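Engineer: with the sequence up front, the predicted model follows.
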Amino acid sequence: MRTAKGGAIGMLLALAAQAVFAQATLPTVHTGPWQYGVPPAGWTFSGLGGPDYLPDYDGINDGAAKLDGTGDFIEIAFNEPASQLSFWIRGLTFAGGIFTVEESTNGVAWTALQTYADPPTNAAFQVLTPSPAARFVRFIYTSRGTGNVGIDGITLLKEDFVQPVISGATYGGTNSISVLETVLGRTYVLEYTRGLDAVPALWTPVDSDAGTGGGLVLQDLSPTNAARFYRVRDATP
């Protein structure tokens with residue numbers, strides 16, 4: 001009996017160790033499914049309701065997460081500084097509650113990145129900037145009054161990349177790429193490649209500018225009619 005108990009304890013310790021050390025490598029993305037989906041490495045889903053919301057919010061059509069009770073959460077543990085957390089959020093008949101996006105250095109003490117007492121009734125794209133020391137972020141239904149919260153299209157990027165949004169493009173004209181959130185004093189570079197099949201892909205810089213603490217627009221002034229793939233990189237020395 002002693003051996004059996006020791007074996008059971010050993011298994012529990014092994015599982016606990018796996019839970020503690022499982023971390024996502026950045027960048028990390030999950031778009032769904034949620035309630036019955038398999039979380040990526042380093043992700044934890046707890047208490048998610050079902051079925052997933054359809055249509056979803058990011059246009060991929062694999063469902064949006066339903067958080068419908070106090071304490072429901074989606075958590076990501078990661079192993080390096082993150083530059084940007086983006087996601088879609090929607091409040092569904094939400095009233096009298098609090099929904100929070102939080103960060104933590106150790107997974108125990110949490111600090112709010114954004115608090116929602118009135119989440120948008122139409123799905124809205126949000127961008128937040130975690131602190132360089134953060135190694136955990138989570139979306140948590142802090143206290144429920146009435147209604148639910150839908151979350152979708154969560155992306156957590158590593159420190160040297162940000163998520164660009166193409167705000168305008170014309171063949172043979174100017175392609176304008178906007179970054180929704182930048183850090184004051186850091187340098188951002190717009191780069192393109194004509195193909196993603198090469199390893200590594202060949203990226204060519206076309207514009208750069210300093211972060212403003214808010215949005216930033218970078219431009220490719222002379223694109224050709226050939227396809228181009230863009231990225232924006234934090235190139236701060």
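Structural biologist: Nice, I can see it.
Engineer: tell me how this protein divides into domains.
Structural biologist: Segmentation of the chain into domains, based on automatic domain parsing, reads 21-158, 161-234.
Engineer: from the chain's centroid, how far away is the shortest one?
Structural biologist: Read it as domain 161-234. The chain centroid and the centroid of domain 161-234 are separated by 19 Å under Cα atoms, centre = their mean, to the nearest Å.
Engineer: now swap in the longest one and tell me
Structural biologist: Between the centre of domain 21-158 and the centre of its host chain there is 8 Å, according to Cα atoms, centre = their mean.
Engineer: now that domain: mean pLDDT?
Structural biologist: When pLDDT is averaged along domain 21-158, the result is 94.
Engineer: just the last one next, same as before
Structural biologist: For domain 161-234, mean pLDDT rounds to 78.
Engineer: which residue is nearest the centroid of this structure?
Structural biologist: Within the chain, one residue has its C-alpha closest to the average C-alpha position: by Cα atoms, centre = their mean, that is Thr155, at 2.4 Å.
Engineer: check which helix or strand that residue maps to.
Structural biologist: Per DSSP states H and E: Thr155 is located in strand 146-158.
Engineer: how about that strand: buried residues?
Structural biologist: 147-158 (16 or more other Cβ atoms under 10 Å). C-beta coordinates here come from the backbone N, C-alpha and C atoms, glycine included.
Engineer: which helices and strands sit right next to that strand?
Structural biologist: Here strand 146-158 is seen to pack against strand 28-30, strand 49-53, strand 64-67, strand 73-77, strand 82-95, strand 136-143 when contacts are counted using 3 or more Cβ pairs under 8 Å, 6 or more residues apart in numbering; DSSP states H and E.
Engineer: which one of those strands lies nearest to Tyr192?
Structural biologist: Ranking those by their distance to Tyr192 (criterion: Cβ to Cβ) puts strand 82-95 first, at 19.7 Å.
Engineer: and the closest one, what does it pack onto?
Structural biologist: Counting contacts by 3+ Cβ pairs under 8 Å, 6+ apart, strand 82-95 is packed against strand 98-104, strand 111-116, strand 124-128, strand 136-143, strand 146-158, strand 161-162.
Engineer: those strands into CSV, with extra columns for distance to Trp203?
Structural biologist: Supplementary listing: the helices and strands packed on strand 82-95 in CSV, determined by distance: least, Cβ to Cβ, whole Å:
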stretch, distance to Trp203
strand 98-104, 30
strand 111-116, 30
strand 124-128, 23
strand 136-143, 28
strand 146-158, 16
strand 161-162, 11
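Engineer: among these, which is nearest Gly91?
Structural biologist: strand 146-158 (5.9 Å).
Engineer: mind checking the end-to-end distance for stretch 137-151?
Structural biologist: Across stretch 137-151, the terminal residues are separated by 14 Å (Cα to Cα, to the nearest Å).
Engineer: ok, stretch 194-211 next?
Structural biologist: Taking Cα to Cα, stretch 194-211 runs 26 Å from one end to the other.
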